[in-house]
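Asks: have a look; sequence and predicted model below, questions after that.
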Amino acid sequence: MQLTVWTYEGPPHVGAMRVATGMEGLHYVLHAPQGDTYADLLFTMIERRDRRPPVTYTTFSARDLGGDTAELFKTAAQHAYDRFQPQAMLVGASCTGSLIQDDPGGLARALDLPIPVVAVDLPAYQRKENWGAAETFYQLVRALAGPSAPAPGTSRPQRAAGVRARCNLLGPTALGFRHRDDNVEITSLLAKLGIDVNVTAPMGATPADIARLGEADFNVVLYPEIAGQAASWLQRTFGQPFTKTIPIGVSATREFVEEVAKLSGVDASATLASGSTRLPWYSRSVDSTYLTGKRVFIFGDATHAVAAARIASDELGFKVVGLGTYSREFGREIRDAAKRYDVEPLITDDYLEVEAKVAELQPELVLGTQMERHIAKRLGVPCAVISAPVHVQDFPARYAPQMGFEGANVIFDTWVHPLMMGLEEHLLAMFKDDFEFKDGAVPSHLGAGNSAPVADRPVEVSVPASNIAAVWAADAEKELHKIPFFVRGKARRNTERFANENGVATITIETLYDAKAHYAR
């Protein structure tokens, strides 16, 4: 354990809450002291859910520790069942609750409730949120789908001719980064392939849905951090293969379509031909050439970080100068990806280490979590959020997936937007000494608090005025107004200076262009 003021992941019982909150008909009874109910705010305030998570807390206090806290848990569990009438119940303890060792699972089974009770024993001081979510989902799948598993060694029956293939979508939870919209996007993509979704879990699934996971032909794993363990168990128990490709980015989405088509035996050519995304053309277009070679630092959960590195390098032409994750369980994946980009992998859950690395590498763009957004703001570097943990602004009201072909469009807009001030930066660099531009002006997307150092004011060079002031001809004045406003003043002054130095009394169109040619040398 490490004391910190900010953390990338909560304790494992928050991961269990994410699974329970995403599901329907499931209730979580958490043995926890007063104060641990803070986790509700993650869902109601940050994710903006319209109802509280389906969680009952025992909320024992210091004075209860001298009494029977086990009876307190049993009473809370019984009341939760009587009030909410769930299809299944999840029971466990928070970090502090685990210290008193009351065995929530055994206590709940002693109640002999007429519903499945799944106990999750989460090592609160050794593991964190994503692991807790994965373990909770795995235990739910084993407990609810296990009774319908075929006998060991039984061959999986072939799908009847003419019957559409069915798959499960595994991994989306509450509080996940764009999980809601990714689910919609991939479901739509599978429908175009002629594949039906049997169950999406945990998000939107009931315990009864979990029980019929084995009916699908294969599983689509959207978020390995959450669903990898459960998918492996389903493969061993039901003979269901599962996808390995995460469909984030154009190339990965096309590979995902081909992988799914192979698993289901469908023809993917029409879907691949009609895949509508603007990212490839936008990243090749003339006005996007300034993206090439931009130095980018990437940090997040392993799934999104690895996908982001591939998109940045292969599809946008960025140069990956840093890659890391806080997901220690997926350190191997990050190390393998880092080798491809010839960078040193950063595997840490200490945000101060991440900040030091960003400061050292001096990237031109940071792709990370909410924490990297703050780090980049302090360092004056553009940033886009690509991974949880995120704040309220990254649960948008609009449709904004990260996966699939539409997800690629969203990614292009999100990542390029901080860099779309290229013309502004160019003009500020060219004309920063003109009176129209204040000293120390910086690109507007970096915010008012990131002023550049004020440059020394250049020496004013006085130009002797001629005896006869130059006068602008009407056609020359009209031509001058065709010049963009932000350089028009400079063009006027340079032309008048040229006219005075060369004894031109009337500035004509020819004089305007002669001055332009003179100062362009």
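Replies: All right, it came through fine.

Asks: pull the helix or strand where Lys516 lies out as CSV, backbone CA atoms only.
Replies: For Lys516, the element it lies in under DSSP states H and E is helix 509-520. As requested, the backbone C-alpha atoms of helix 509-520 are provided in CSV (Å, rounded to 0.1, in the frame of the first residue of the first chain):
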residue,chain,number,x,y,z
ILE,A,509,-1.3,48.0,-57.1
GLU,A,510,2.1,47.7,-58.7
THR,A,511,3.7,49.4,-55.8
LEU,A,512,1.9,47.0,-53.4
TYR,A,513,3.3,43.9,-55.1
ASP,A,514,6.8,45.5,-55.6
ALA,A,515,6.9,46.0,-51.8
LYS,A,516,5.7,42.4,-51.2
ALA,A,517,8.5,41.1,-53.5
HIS,A,518,11.1,43.4,-51.8
TYR,A,519,10.3,42.2,-48.3
ALA,A,520,10.0,38.6,-49.3
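
Asks: touching it from outside, list them.
Replies: Helix 509-520 is contacted from outside by Ala473, Asp475, Ala476, Glu479, Leu480, Ala491, Asn494, Thr495, Arg497, Phe498, Ala499, Val504, using Cβ atoms under 8 Å, 6 or more residues apart in numbering. The C-beta positions use only the backbone N, C-alpha and C, and glycine is treated the same way.

Asks: that one: which residues count as buried?
Replies: Residues Thr511, Leu512, Asp514, Ala515 are the ones in helix 509-520 that count as buried (16 or more other Cβ atoms under 10 Å).

Asks: from those residues, which is closest to Arg166?
Replies: Leu512 (71.9 Å; Cβ to Cβ).

Asks: on that earlier part again, most widely separated two among the contacts of helix 509-520?
Replies: Spatially, the most separated pair among the contacts of helix 509-520 is Asp475 and Arg497, at 20.4 Å (Cβ to Cβ).

Asks: compare the two (neighbour count), which wins?
Replies: Arg497 (17 against 11; other Cβ atoms under 10 Å).

Asks: and the strands in the stretch 251-400 of the chain?
Replies: Applying DSSP state E, counting those that start in this stretch to the stretch 251-400 of the chain gives strands spanning 295-300, 319-325, 345-347, 365-368, 383-385.

Asks: can those strands go into JSON lines with extra columns for mean neighbour count, distance to Thr75 and mean pLDDT?
Replies: Formatted as JSON lines, those follow (neighbours: other Cβ atoms under 10 Å; distance: least, Cβ to Cβ, whole Å; pLDDT from 0 to 100):
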{"stretch": "strand 295-300", "mean neighbour count": "27", "distance to Thr75": "42", "mean pLDDT": "97"}
{"stretch": "strand 319-325", "mean neighbour count": "24", "distance to Thr75": "42", "mean pLDDT": "97"}
{"stretch": "strand 345-347", "mean neighbour count": "20", "distance to Thr75": "44", "mean pLDDT": "97"}
{"stretch": "strand 365-368", "mean neighbour count": "27", "distance to Thr75": "44", "mean pLDDT": "96"}
{"stretch": "strand 383-385", "mean neighbour count": "23", "distance to Thr75": "43", "mean pLDDT": "95"}
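
Asks: out of those strands, nearest to Thr37?
Replies: That would be strand 383-385 among these, by Cβ to Cβ, at 27.2 Å.

Asks: need the next SSE after the closest one, C-terminal direction.
Replies: helix 404-416.

Asks: CA atoms only: put that next one into PDB for me.
Replies: Only the C-alpha atoms of helix 404-416 are listed here, as PDB (Å, rounded to 0.1, in the frame of the first residue of the first chain):
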ATOM      1  CA  GLY A 404     -15.600   0.400 -34.600                       C
ATOM      2  CA  PHE A 405     -15.500   2.600 -37.600                       C
ATOM      3  CA  GLU A 406     -17.400   5.400 -36.000                       C
ATOM      4  CA  GLY A 407     -15.100   5.200 -33.000                       C
ATOM      5  CA  ALA A 408     -12.200   5.900 -35.400                       C
ATOM      6  CA  ASN A 409     -13.900   9.100 -36.500                       C
ATOM      7  CA  VAL A 410     -14.400  10.100 -32.800                       C
ATOM      8  CA  ILE A 411     -10.800   9.400 -32.000                       C
ATOM      9  CA  PHE A 412      -9.500  11.500 -34.900                       C
ATOM     10  CA  ASP A 413     -11.600  14.500 -33.900                       C
ATOM     11  CA  THR A 414     -10.700  14.100 -30.200                       C
ATOM     12  CA  TRP A 415      -7.000  13.700 -30.700                       C
ATOM     13  CA  VAL A 416      -6.500  16.200 -33.500                       C
END
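
Asks: ok, Leu72 to Leu113 distance?
Replies: Going from Leu72 to Leu113 by Cβ to Cβ, to the nearest Å gives 17 Å.

Asks: revised request: answer the last question for Ile311.
Replies: As defined by Cβ to Cβ, Ile311 lies at a distance of 48 Å from Leu113.

Asks: more crowded one of those two?
Replies: Set Ile311 next to Leu113 and count neighbours by other Cβ under 10 Å: Ile311 wins out with 24 against 17.

Asks: for the more buried one, what are its contacts?
Replies: The contact partners of Ile311, by Cβ under 8 Å, 6+ apart, come to Ile248, Gly249, Val250, Ala252, Ala408, Ile411.

Asks: tabulate those in a markdown table, adding columns for neighbour count, distance to Glu364 and pLDDT.
Replies: Output for the contacts of Ile311, formatted as a markdown table (neighbours: other Cβ atoms under 10 Å; distance: Cβ to Cβ, whole Å; pLDDT from 0 to 100):
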| residue | neighbour count | distance to Glu364 | pLDDT |
| --- | --- | --- | --- |
| Ile248 | 27 | 22 | 98 |
| Gly249 | 28 | 20 | 96 |
| Val250 | 24 | 22 | 96 |
| Ala252 | 22 | 24 | 97 |
| Ala408 | 29 | 21 | 95 |
| Ile411 | 28 | 17 | 96 |
